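Student: the following block contains a protein sequence and its predicted model.
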Amino acid sequence: MPTTIAIIEDNLDFLRRYSAIIEADADVALLGTASTGRDGLALIDRVRADVYLIDLGLPDFNGVELIRHAVRTRPDCDVVVVTVFGDDAHIMASLEAGATGYLLKDTPPAELVDCIRVLRDGGAPVSPVIARKILQRFHIGKPAQPTPPQTILTEREIEVLRALAKGLTFIEIGQLYAISPHTVARHVKNIYKKLAVHSRGEAVYEATALGLLQ
Amino acid sequence: MKGLGPATRLAALPRSLSRSLPHALLKRSLAGATILLNLLIAALLAVFLQQSYGQYQEHAVLTAQNLSIALKENISATVREIDVALRTEAEDIVPLLTPAPARDAVIARLLAQMQQRQPEIHAIRVYDAEGRQHYSQAPPDAVSIAGADYFQALRDHPEPGLALSSPLYDARNQRWELVCARALRADDGQFLGILAARVDLQRLASAFSLIEIGPHGALTLSSSEEQVYARYTRLQVDEAMTGRQIRSPKLRDYVTTGQRPAAYLFRSPLDGVERLNSLRRVFDRPVLITPRNLYFNVGLASVDYLQKWYEELTAALGLLLLSIAISSAAALTMQRFWRERGASEDRLRALERERAVNDERLRIVQDLHDGVGSQLLSALMLVQSGGATQAQTIGLLQECMDDMRLAIDSLSPDEPDLLPVLGNFRYRMESRFKGVGLELRWTNHQLPDLLAIAPHDGLQVLRVLQEALANVLRHARASLVTVDLYFSEQQLAVRIRDNGVGFDPAAGDKPAGHGLSNMQMRAKKIGASLQIYALNPGTALDLDLPLD
């Protein structure tokens, strides 16, 4: 049974490209597409796909809001954000909204399908720069510095993140801790989920501090 | 080249908030110190004033006591002198009265002699046992004095002694007088009459005006019955009080118990002046028959003896006000100085920040120019020439994208750490090489936790690596590329080896032509050494970036 995909993307060239890649691969099947935020919302509500590919730069809607909506509506699905440059600010915002993967718009076809496969396998991709951003978001410093006690990450997850931030690959990390690269990828996905929870907590905390919530 | 770039310095600049906090603290402690200083000065002045007050008070007590002793002795001596004269005269007169008839001429001579010896007395008279005038030098006094209390006292008291009348006003001479009298008694004690003389009260009080007791001081001579004989106040004899009574519980106690009261403060109801009073009995041995005794009081006014102290108090208050004014002014000046210095520091900091931002902007423009800009230009020219294959165009545009990503990864605002950026580059390259079926073997040696290199310098390192790997992809026709990174405290060493076709340096063959000079320029910019040489087969690239 192939993995089902829905795409929300306003640039028709890219939309066509993604559609072509997905249709060319037997492991994945395209369920639907939308080219505006409004249609995207309707698509998410109407169609349950295994993976939603969502563009951040929609003309009528904040992509991050759309991601949040997708994660709320389809909690068992994966949401992948698609960006042009992969600058960490946009990716972090998406991850905090609940996305579990990200793709650059010029990603080669093979890699796109690889990414979807990793996600359905329970893992997630991450780059060293993003890994470091996540460490910072959890207020975790270098190994010499003490870990803040209130962090929701496990010891192993912190180790994995630190190794990733130093530029080690999944394979190297797997060798380092005698685990498989898939396990490393699953750690990453868990970390993403905790990041979304953590950022919701931070948002609540900040809102409380600002007096917005009682 | 080494050390932190302006972007990092920018991030490390302290917020202005961090300065305003200690400034407020400084302001508070400055105010506190000023108040404390003035409280200290006030306390010192208060102690000084208190001690000084005690000293003035003590001095006044001593003065009052000394004055009262001296004046009491003076009065006592005057009265006793009169007493002695009267007694002597009486002893001379008594034999002349018994038996009668009296020898008036002899008495007249005696009285005249006495008058000569004692000029302070006058109207010396002899009265018989019924109080009628028997003889007088002065004009005859027709009225009987049998009702006068001094006469009755002398008649009814057989023991010898002097009797004093109450003050009497002599309307003719407009002065107060006092009658001093002694009894005339026969040897068997028979009362024959009295010998009386008048004393001008002014004379008794004459010594008062010689004493310096201040403009508000008061001297009072009164009887044990609280009747005033003489009072001196406001620098003159106060006749208005003569003959009247001044109620004084202290005097009454003194009369009753014989215990002299210590000097005491008392606000007089007569004139409302507070005085330090020293009260003294004039005669320590019984001299008088009536009144029982005389009492003398010296009253030094507080306003007089404390006048110096009041001046000191005024001076001290002035000093305190001056101190408050000076210290407040100093504190305000200091505070303003701090505020102005803080403001100028803020301006300086803002200028520095602005300069850092400008520097950073310049670097980014330079980076755009060196990187994406020149690559886009090459692509444009290639496509314009019409001879570009699709693969060439794709390759050039891909390079543009690659350079863009390097810049985004390197220059994103963060702590300067090249490791994640190198990692991102490695991820991208591994995927790229895998896509074309070429093996990229990347090894980190002694990978540290952090590699602090300024972002723009890091970008140059990555561009050299990017160019080198792109050259391999484009020209080398290799099957394996190894990238080894050797990390140490002193330097970052990069070794790239491929097993491709290489080049022949002897034939003037240059690897990738234009790309090489670009790489050399970038290496030079960051103080790194770059060597590219032929292997057999393949090409080697050594990049050494010293760190400090």
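Tutor: Looks like it came in fine.

Student: could you check which residue of the stretch 301-450 of chain B lies nearest chain A?
Tutor: For the stretch 301-450 of chain B and chain A, the shortest gap (CB to the nearest CB) falls at residue B:423, measuring 2.7 Å. For the C-beta atoms, the positions are set from N, CA and C on the backbone; glycine is no exception.

Student: now the strands: where do they sit in the stretch 201-350 of chain B?
Tutor: Per DSSP state E, counting those that start in this stretch, the stretch 201-350 of chain B carries strands over the ranges B:218-223, B:228-233, B:236-237, B:264-267, B:274-281, B:288-290, B:294-301.

Student: save the ones you listed as TSV, and put in mean neighbour count, mean pLDDT and distance to chain A too.
Tutor: Below are those laid out as TSV (neighbours: other CB atoms under 10 Å in any protein chain shown; pLDDT from 0 to 100; distance: least, CB to the nearest CB, whole Å):
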stretch	mean neighbour count	mean pLDDT	distance to chain A
strand B:218-223	23	90	78
strand B:228-233	23	87	79
strand B:236-237	14	76	84
strand B:264-267	13	89	67
strand B:274-281	22	92	67
strand B:288-290	21	85	97
strand B:294-301	25	91	71
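
Student: can you redo those as JSON lines with distance to residue B:33?
Tutor: Formatted as JSON lines, the strands of the stretch 201-350 of chain B follow (distance: least, CB to CB, whole Å):
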{"stretch": "strand B:218-223", "distance to residue B:33": "51"}
{"stretch": "strand B:228-233", "distance to residue B:33": "52"}
{"stretch": "strand B:236-237", "distance to residue B:33": "56"}
{"stretch": "strand B:264-267", "distance to residue B:33": "41"}
{"stretch": "strand B:274-281", "distance to residue B:33": "41"}
{"stretch": "strand B:288-290", "distance to residue B:33": "70"}
{"stretch": "strand B:294-301", "distance to residue B:33": "43"}
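
Student: buried residues in stretch B:386-394?
Tutor: Buried residues in stretch B:386-394, counted by 16 or more other CB atoms under 10 Å in any protein chain shown: residue B:388.

Student: same check, this time on stretch B:408-423
Tutor: Across stretch B:408-423, burial judged by 16+ other CB under 10 Å covers B:408-412, B:414, B:416-423.

Student: list of residues touching it?
Tutor: Residues outside stretch B:408-423 that contact it (CB atoms under 8 Å, 6 or more residues apart in numbering or on different chains) are A:85-89, A:127-129, A:131-132, A:164-168, B:4-5, B:7-8, B:11, B:364, B:367, B:406, B:424-425, B:447-448, B:450-456, B:458-459, B:461-462, B:485.

Student: same check, this time on stretch B:179-192
Tutor: B:79, B:82-83, B:86-87, B:90, B:93-94, B:97-98, B:121, B:126, B:128-129, B:148, B:150-151, B:154-155, B:157-158, B:160-165, B:168, B:193-199.

Student: which of the residues you listed are buried?
Tutor: B:79, B:82-83, B:86, B:90, B:93-94, B:97, B:121, B:126, B:128-129, B:148, B:150-151, B:154-155, B:161-165, B:168, B:193-199.

Student: show me where chain A has helices.
Tutor: A:12-24, A:37-46, A:63-73, A:88-97, A:109-120, A:128-137, A:155-165, A:170-177, A:181-210 (DSSP state H).

Student: turn those into TSV, including mean pLDDT and distance to chain B.
Tutor: Listed next are the helices of chain A as TSV, based on pLDDT from 0 to 100; distance: least, CB to the nearest CB, whole Å:
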stretch	mean pLDDT	distance to chain B
helix A:12-24	90	14
helix A:37-46	93	25
helix A:63-73	92	18
helix A:88-97	88	6
helix A:109-120	88	6
helix A:128-137	88	3
helix A:155-165	91	5
helix A:170-177	92	8
helix A:181-210	81	13
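
Student: quick one: low-confidence parts of chain B?
Tutor: Within chain B, the segments meeting pLDDT under 70 span B:1-23, B:98-102, B:135-142, B:504-514.

Student: near chain A, which residues of it are found?
Tutor: For chain B, the residues in contact with chain A (CB under 8 Å from any CB of the partner chain) are B:401, B:404-405, B:408-409, B:412, B:414, B:417, B:419-424, B:426-427, B:430-431, B:435, B:444, B:447, B:449-450.

Student: among these, which lie within strands?
Tutor: Judged by DSSP state E, these include residue B:444 as members of strands.

Student: what does residue B:123 show for phi and psi?
Tutor: With angles defined as degrees, to the nearest 10, residue B:123 sits at phi 50, psi 50.

Student: and for the helix or strand hosting residue B:377, what are the contacting residues?
Tutor: Here residue B:377, judged by DSSP states H and E, is contained in helix B:374-385. With contact meaning CB under 8 Å, 6+ apart, helix B:374-385 is reached by B:388, B:392, B:393, B:396, B:397, B:399, B:400, B:403.

Student: cutoff 10 Å now
Tutor: With CB atoms under 10 Å, 6 or more residues apart in numbering or on different chains as the test, helix B:374-385 has contacts from B:368-369, B:388-389, B:392-404, B:514, B:518.

Student: now restrict those residues to buried residues only.
Tutor: Members of the contacts of helix B:374-385 classed as buried by 16+ other CB under 10 Å are B:388, B:395, B:396, B:398, B:399, B:400, B:401, B:402, B:403, B:404, B:518.

Student: grab the nearest non-local neighbour of the first one.
Tutor: The one in question is residue B:388. Leaving aside its sequence neighbours, residue B:388 sits nearest to residue B:382 (CB to CB, 6 or more residues apart in numbering or on different chains; 4.4 Å).

Student: the last one too?
Tutor: If the residues on either side of it in the chain are set aside, residue B:518 comes closest to residue B:467, at 6.5 Å by CB to CB, 6+ apart.

Student: CA atoms of the helix or strand harbouring the one you found as PDB?
Tutor: Using DSSP H and E, residue B:467 sits within helix B:455-471. Provided in PDB are the C-alpha atoms of helix B:455-471 (Å, rounded to 0.1, in the frame of the first residue of the first chain):
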ATOM      1  CA  PRO B 455      31.200  34.000   9.900                       C
ATOM      2  CA  HIS B 456      32.600  35.800   6.900                       C
ATOM      3  CA  ASP B 457      36.000  33.900   7.200                       C
ATOM      4  CA  GLY B 458      34.100  30.700   7.600                       C
ATOM      5  CA  LEU B 459      32.200  31.500   4.400                       C
ATOM      6  CA  GLN B 460      35.500  31.800   2.500                       C
ATOM      7  CA  VAL B 461      36.600  28.400   3.800                       C
ATOM      8  CA  LEU B 462      33.400  26.800   2.600                       C
ATOM      9  CA  ARG B 463      33.600  28.500  -0.800                       C
ATOM     10  CA  VAL B 464      37.100  27.000  -1.300                       C
ATOM     11  CA  LEU B 465      35.700  23.600  -0.400                       C
ATOM     12  CA  GLN B 466      32.600  24.100  -2.600                       C
ATOM     13  CA  GLU B 467      34.800  25.200  -5.600                       C
ATOM     14  CA  ALA B 468      37.100  22.200  -5.100                       C
ATOM     15  CA  LEU B 469      34.300  19.600  -4.900                       C
ATOM     16  CA  ALA B 470      32.500  21.300  -7.800                       C
ATOM     17  CA  ASN B 471      35.700  21.000  -9.900                       C
END
